[in-house]
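Novice: please find the sequence and the predicted model below.
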2 protein chains.
Amino acid sequence: MTEDRTEALVERMLARDRTALARLMTLVENRAPELPAIMSRVYGHTGRAHVVGITGPPGAGKSTIADGLTACLRAAERRVGIVAVDPSSPFSGGAVLGDRIRMQAHFLDPGVFIRSLSTRGSHGGLARATRDMIRLLDAFGVDAVLVETVGVGQTELDVMRLADTVVVVLVPEAGDAVQVMKAGLLEIADVFVVNKADREGAERMHSELVQMLHLRPSGGWTIPVLLTQASASTGLDAVRDAIETHRAFLASDPEHAGRERARREGELLDVLDEELRRRVAQRLAAHGSDGLAPLLDAVRAGTVDPYTAALRILEDAPTLERLIGREE
Amino acid sequence: MTEDRTEALVERMLARDRTALARLMTLVENRAPELPAIMSRVYGHTGRAHVVGITGPPGAGKSTIADGLTACLRAAERRVGIVAVDPSSPFSGGAVLGDRIRMQAHFLDPGVFIRSLSTRGSHGGLARATRDMIRLLDAFGVDAVLVETVGVGQTELDVMRLADTVVVVLVPEAGDAVQVMKAGLLEIADVFVVNKADREGAERMHSELVQMLHLRPSGGWTIPVLLTQASASTGLDAVRDAIETHRAFLASDPEHAGRERARREGELLDVLDEELRRRVAQRLAAHGSDGLAPLLDAVRAGTVDPYTAALRILEDAPTLERLIGREE
């Protein structure tokens, strides 16, 4: 795509053209080479949306919570973006299709933009794509971005690091507090929700969590543990309020600024890393930019191992420059 | 660690010192900066072991199959390495602890080396660590490396690409053939195993799979669908035979050589990518190698966005050289 065309696409997206937004999201999902230029253009229009992560084990009712929160936010005339991230297999995420169908309740609402993301074969690219999608929605002008994951694996935890406020949804059957700790959820939760609160064990799970949180240094924010019955829309207002309260807390939290600084630096590292990898891959595929061809052939043939070849390339400034320097 | 000490460690590992192997594995797990040098030294001693991936949905009995295969291989006096990869959360992988305890059956056997890998917070590093562990076990002198995953998410599929032969284990309750396709298992399977074959639906799943495989271009290898009852050690010999047959097929398959070439090139890209990322991260953390400090400060403060900063760095050869060039 030419520079003019991507520029026109960004202009239209900033003017709230949904089709332009959808096309930019597809470029993000495909990790198009134009991305750094696009995102550099978009970035100045971001920073307004509150990013809310919603995670928890499969079947906890995350989508129902996201659905209910969206309804709350729409009632207050806020615009909402939803990114549903699904890195897992159908064996553990059987409810996704049903969830997506249910989310169609908001599908025709021009104040809601929904996108799901389930790239296979990407190289750690899911969290990066999610981050760029959040930025696009932010620049598009939504007030809140809800980022929802299907499960709680490694990829999902990476995705949750992108959120300002993380809501962890549990159900009584999800097991005990020890599992919550083992899944790394205690470190990332800003708000705990025990959903399906009408079921047996809800009160016990609630008090276990409250007790566990008492033992933990709070850093100024007291993590609330809320009971909901999302399918009956019970308790969702309290969740929305807790999210708002956490947002206000962040604005006044001196540590938050430091985390933001570190996050921006991490993002720079990620962008550099992705672009460097792209350049190396492209030029290796082009059969090694002249001087590299013999070494690359030796690696392919197995006569030089990949580690030795990498060390040779990394030690030799002109070769490295050919591989990752600016495109002519 | 000094170069002499890592060299000594590699020497001891090659002389079949288990403690040295375990220490090298820890370096691999921690992605130590010495890794390219270590692996470059190790690589020449690899290429002998057959790498068998064992994957499938949680609860399918993958560990029991791995256990049974290990017993078969040990009965034939083959040495076995096992890498158990667990990127998932305790919510979906409840059986892991029990499996590990059961694997202790082989724990005291000097012909078996078991290592589990469940790094959190790594950046796409789990597949890389698994690859390096396979290489170490190969150089250590095992005849077969069994790589076992807990579930079938994205990370697990990445890990399975490292195997010569992939065994996909299913159970009747795992659902229908459509799920198998959606999980991407059809593309990676070299051998299908329907475990817990005494349960209802086993025959139906078997014939569904056979039918589905008939519709698929085979590329010379006919994927067998085997029935097992691994907990009763029934059917495991047939699995071992199918793995051996597939190994022999690979040796004669003209396409295999091409895939090997592509795999080596991919490995070079991965090693380069990881080392470049390490250099950039280290030098950014050292507050931007002199000339970079003002730009880095602007990114941290939010006055220059990460994408724009990345583009500036990438366009400027001397800056890029400072960030990724050879260490002085």
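Specialist: Cool, the structure landed. Numbers count the residues shown, from 1 in each chain, chains lettered A, B, ... in the order given.
Novice: so the closest residue to A:D158 other than its chain neighbours versus A:A163, what's the distance?
Specialist: Distances taken as CB to CB, 6 or more residues apart in numbering or on different chains put A:A127 closest to A:D158, at 4.1 Å, once the chain neighbours are dropped. Yep, even glycine has a C-beta here, placed from its N, CA and C like the rest. From A:A127 across to A:A163, the span is 11 Å (CB to CB, to the nearest Å).
Novice: swap in A:L226?
Specialist: Taking CB to CB, one finds A:L226 at 17 Å from A:A163.
Novice: wait, doesn't A:V299 sit right on A:D305?
Specialist: Yes: shown here, A:V299 and A:D305 form a contact pair, counting by CB atoms under 8 Å, at 7.5 Å.
Novice: which SS state does A:L136 fall under?
Specialist: helix (DSSP: H, G, I helix; E, B strand; the rest coil).
Novice: next, count neighbours for it.
Specialist: 29 (other CB atoms under 10 Å in any protein chain shown).
Novice: show me where pLDDT drops low in the stretch 51-200 of chain A?
Specialist: A:87-105, A:107, A:119-124, A:152, A:174-176 (pLDDT under 70).
Novice: could you redo the last one with a cut-off of 90?
Specialist: A:56-61, A:63, A:84-110, A:114-128, A:149-161, A:171-188, A:200 (pLDDT under 90).
Novice: show me where it has strands.
Specialist: Using DSSP state E, counting those that start in this stretch, the strands assigned to the stretch 51-200 of chain A run over residues A:80-85, A:112-117, A:144-149, A:165-170, A:191-194.
Novice: out of those strands, flag the one nearest A:A251.
Specialist: strand A:165-170 (11.8 Å; CB to CB).
Novice: how far off strand A:144-149 does the closest one point, in degrees?
Specialist: Going by axes from the mean of the first three to the mean of the last three CA atoms, to 10 degrees, strand A:165-170 is angled at 40 degrees with respect to strand A:144-149.
Novice: who are the packing partners of the longest helix seen in chain A?
Specialist: Identified as the longest helix of chain A according to DSSP state H is helix A:254-285. Packing partners of helix A:254-285 (3 or more CB pairs under 8 Å, 6 or more residues apart in numbering or on different chains; DSSP states H and E): helix A:35-43, helix A:125-140, helix A:317-324, helix B:254-285, helix B:293-301, helix B:306-315.
Novice: leaving out sequence neighbours, find the closest residue to A:P36.
Specialist: B:Y307 (5.1 Å).
Novice: what's near enough to touch that neighbour?
Specialist: Shown in contact with B:Y307 (CB atoms under 8 Å, 6 or more residues apart in numbering or on different chains): A:P36, A:A37, A:M39, A:S40, A:Y43, A:V271.
Novice: residues of the helix or strand harbouring A:T26 that come out buried?
Specialist: Using DSSP states H and E, A:T26 sits within helix A:18-29. By 16 or more other CB atoms under 10 Å in any protein chain shown, the buried positions in helix A:18-29 come out as A:A20, A:L21, A:R23, A:L24, A:M25, A:L27, A:V28, A:E29.
Novice: could you export these as TSV, including distance to chain B and pLDDT?
Specialist: Output for these, formatted as TSV (distance: CB to the nearest CB, whole Å; pLDDT from 0 to 100):
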residue	distance to chain B	pLDDT
A:A20	19	96
A:L21	18	96
A:R23	19	95
A:L24	14	96
A:M25	16	94
A:L27	14	92
A:V28	12	91
A:E29	14	88
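Novice: could I get those as JSON lines with distance to B:V171?
Specialist: Formatted as JSON lines, the buried residues of helix A:18-29 follow (distance: CB to CB, whole Å):
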{"residue": "A:A20", "distance to B:V171": "47"}
{"residue": "A:L21", "distance to B:V171": "43"}
{"residue": "A:R23", "distance to B:V171": "42"}
{"residue": "A:L24", "distance to B:V171": "42"}
{"residue": "A:M25", "distance to B:V171": "37"}
{"residue": "A:L27", "distance to B:V171": "40"}
{"residue": "A:V28", "distance to B:V171": "37"}
{"residue": "A:E29", "distance to B:V171": "33"}
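Novice: how about A:G325: what's its closest non-neighbour residue?
Specialist: A:G325 sits nearest to B:A317 (CB to CB, 6+ apart), 5.9 Å away.
Novice: per-residue confidence for the residue lying closest to A:V10 once chain neighbours are set aside?
Specialist: Once flanking residues are discounted, A:V10 sits nearest to A:R41: 5.1 Å by CB to CB, 6+ apart. As predicted, A:R41 sits at a pLDDT of 94.
Novice: one step back: which residues sit in contact with the residue nearest to A:D158?
Specialist: A:T155, A:D158, A:V159, A:R161, A:L162.
Novice: next one: phi and psi at A:L162?
Specialist: phi -80, psi -10 (degrees, to the nearest 10).
Novice: go ahead and confirm it touches A:R131.
Specialist: Yes: if you go by CB under 8 Å, A:L162 and A:R131 touch, sitting 5.2 Å apart.
Novice: rewinding a little: separate out the buried members of the contacts of A:A127.
Specialist: A:T155, A:D158, A:V159, A:L162.
Novice: thinking again about what came up before, what pLDDT is listed against the residue nearest to A:P36?
Specialist: pLDDT, read off for B:Y307, is 93.
Novice: okay, now the unreliable bits of the stretch 201-328 of chain A?
Specialist: A:201, A:211-220, A:231-233, A:254-262, A:266, A:273, A:277-297, A:300-302, A:313-328.
Novice: what does it put close to chain B?
Specialist: A:260-262, A:264-265, A:267-273, A:275-277, A:280-281, A:284, A:296, A:299-302, A:305-311, A:313-315, A:317, A:320-321, A:323-326 (CB under 8 Å from any CB of the partner chain).
Novice: among those residues, the buried ones, what's the PyMOL command?
Specialist: Buried residues within these, by 16+ other CB under 10 Å, are selected in PyMOL with:
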select buried, chain A and resi 264+265+267+268+269+270+271+272+273+275+276+277+280+281+284+296+299+300+305+306+307+308+309+310+311+313+314+320+321+323+324+325
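Novice: so which of the helices and strands packed on helix A:254-285 is nearest B:E173?
Specialist: helix A:125-140 (28.4 Å).
Novice: excluding its backbone neighbours, what's nearest A:D86?
Specialist: Nearest one to A:D86, counting by CB to CB, 6+ apart, is A:S118 at 4.0 Å.
Novice: now do A:H106
Specialist: Nearest non-adjacent residue to A:H106 (CB to CB, 6+ apart): A:V112, at 4.1 Å.
Novice: go on, A:L314?
Specialist: Nearest one to A:L314, counting by CB to CB, 6+ apart, is B:E275 at 5.9 Å.
Novice: then A:L117?
Specialist: Nearest non-adjacent residue to A:L117 (CB to CB, 6+ apart): A:V85, at 5.1 Å.
Novice: distance of that neighbour relative to B:L227?
Specialist: 37 Å.
Novice: neighbour-wise, which of these two wins?
Specialist: Using other CB under 10 Å as the criterion, A:V85 and B:L227 rank with A:V85 on top: 28 against 18.
Novice: any idea what that one is bridged to?
Specialist: A:L117, A:T149 (DSSP bridges).
Novice: pretty sure it is touching A:R115, no?
Specialist: No: with contact defined as CB under 8 Å, A:V85 does not reach A:R115; the gap is 9.7 Å.
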